[in-house]
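**Q** Need a 3D model of the sequence below.
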Amino acid sequence: MKKTEALRVDTIIRQAIAACGATETYHQQQACFLWPEIVGPAINRCTTRRWVDRDVLHVCINSASLKHELGFVAGQIIERLNGAVGTNVISKIVFH
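**A** This next block holds a predicted model:
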């Protein structure tokens, strides 16, 4: 039996995701998961649902005024999300 170098679990998971061709979907879900860390707990409390369709992040906000204000900083949120994920997976945010 041939001995191989030990691999970290996260490396094995990334290799499996890449082998399945689901790397983009993984990054999209990671962006959704990181939303609370990026926007903070106050804004996250007003968030009811979020999902990614292609490269557009859809976020349901239950406050009309907050939805309007987030529209002004959407570019900054996109930059922070893409930076946290490590790739440009989100190109636009739509607030519902």
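**Q** Can you pull up the most central residue in this structure?
**A** Per Cα atoms, centre = their mean, the C-alpha nearest to the average position across the chain is that of residue 31, at 0.4 Å.
**Q** For the chain, just list every one of the helices.
**A** 9-20, 23-39, 41-45, 64-72, 74-85 (DSSP state H).
**Q** ok, residues contacting the fourth one?
**A** Meaning helix 64-72. Applying Cβ atoms under 8 Å, 6 or more residues apart in numbering, the contact partners of helix 64-72 are 39, 43, 46, 59, 61, 77, 93, 95, 96. C-betas here are computed from N, CA, C, even on glycine.
**Q** Please pick the buried ones from those.
**A** 39, 43, 46, 59, 61, 77, 93, 95 (16 or more other Cβ atoms under 10 Å).
**Q** Phi and psi next, for the third one.
**A** Main-chain dihedrals, residue 46, degrees, to the nearest 10: phi -90, psi 0.
**Q** How much space separates the closest residue to it other than its chain neighbours from residue 79?
**A** Closest residue to residue 46 apart from its sequence neighbours, by Cβ to Cβ, 6 or more residues apart in numbering: residue 63 at 4.9 Å. In this view, residue 63 and residue 79 are 23 Å apart by Cβ to Cβ, to the nearest Å.
**Q** Right, I'll leave it there.
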